[in-house]
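Trainee: this is the structure alone, sequence omitted:
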């Protein structure tokens, strides 16, 4: 479906544009083999498989015809995910890194979307990959990204939270009691952190 293919490219370009100002944080200094493998797997499943689906007939055996509303729901999820992705980067600023690193000037950010969830970029990714699964009408290209991301999420987040606990101790422990990992514990209130 053409709409889904266009949505994929909008998603791809928007993520690059949003992340571009924060590229200084992309220095990967602390990436072990597991993390490299997970990021490679996500690149294959979430980027290369959709590109193969879009530009070749190789995955056409896994095409399906969705109900007309399904890609629209996927695009809405993608837009919500992109907003959260942008907001998380804006709130985190120069504290962002693509690898599990604590910088010398690293601060614990608990404002903006971080006052509701500890990992809004993962929230954004769940929304974007779920959306991709709905707007790409191919079982492999659509679901590949969510499978690759799920592996990364479930293997990386416990390490990330332990790293934050080691660095920020009781402050992070208290923060954990007030926030959910990717879904708010409480509704979006005007709590200040």
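Mentor: All right, it came through fine. Nothing here was measured: the structure is a model prediction, and the numbers come from that model.
Trainee: only C-alpha atoms from now on, for both contacts and neighbour counts.
Mentor: Noted.
Trainee: so which residue is dead centre in this protein?
Mentor: residue 125 (2.4 Å; Cα atoms, centre = their mean).
Trainee: now do the contacts for it.
Mentor: Under the criterion of Cα atoms under 8 Å, 6 or more residues apart in numbering, the contact list for residue 125 reads 81, 85, 149.
Trainee: for residue 145, same thing?
Mentor: The neighbourhood of residue 145, defined by Cα under 8 Å, 6+ apart, consists of 42, 45-47, 129, 132-133.
Trainee: top of the contacts of residue 125 by neighbour count?
Mentor: When neighbours are taken as other Cα atoms under 10 Å, the top entry among these is residue 81 (25 neighbours).
Trainee: Three-state assignment for the closest residue to that one other than its chain neighbours, please.
Mentor: By the measure of Cα to Cα, 6 or more residues apart in numbering, the closest residue to residue 81 outside its immediate chain neighbours is residue 124, 4.1 Å from it. The three-state label given to residue 124 by DSSP: H, G, I helix; E, B strand; the rest coil is helix.
Trainee: likewise for residue 100?
Mentor: Secondary structure for residue 100, judged by three-state DSSP, is coil.
Trainee: my read: it touches residue 161, true?
Mentor: No. Taking Cα atoms under 8 Å as the definition, residue 100 is not a contact partner of residue 161, at 9.9 Å.
Trainee: now the helix or strand harbouring residue 149: buried residues?
Mentor: Residue 149 is part of helix 139-178, with elements assigned from DSSP states H and E. Residues of helix 139-178 classed as buried: 139-150, 152, 156, 161, 164, 172, 175-176, 178 (neighbour count, 16 or more other Cα atoms under 10 Å).
Trainee: test my guess that residue 82 contacts residue 12.
Mentor: No. With contact defined as Cα under 8 Å, residue 82 and residue 12 do not form a contacting pair (10.1 Å).
Trainee: distance check, the nearest residue to residue 178 once chain neighbours are set aside against residue 63.
Mentor: Nearest non-adjacent residue to residue 178, counting by Cα to Cα, 6+ apart: residue 185, 7.1 Å away. Distance check for residue 185 against residue 63: by Cα to Cα, to the nearest Å, it reads 38 Å.
Trainee: neighbour count winner among the two?
Mentor: residue 63 (17 against 14).
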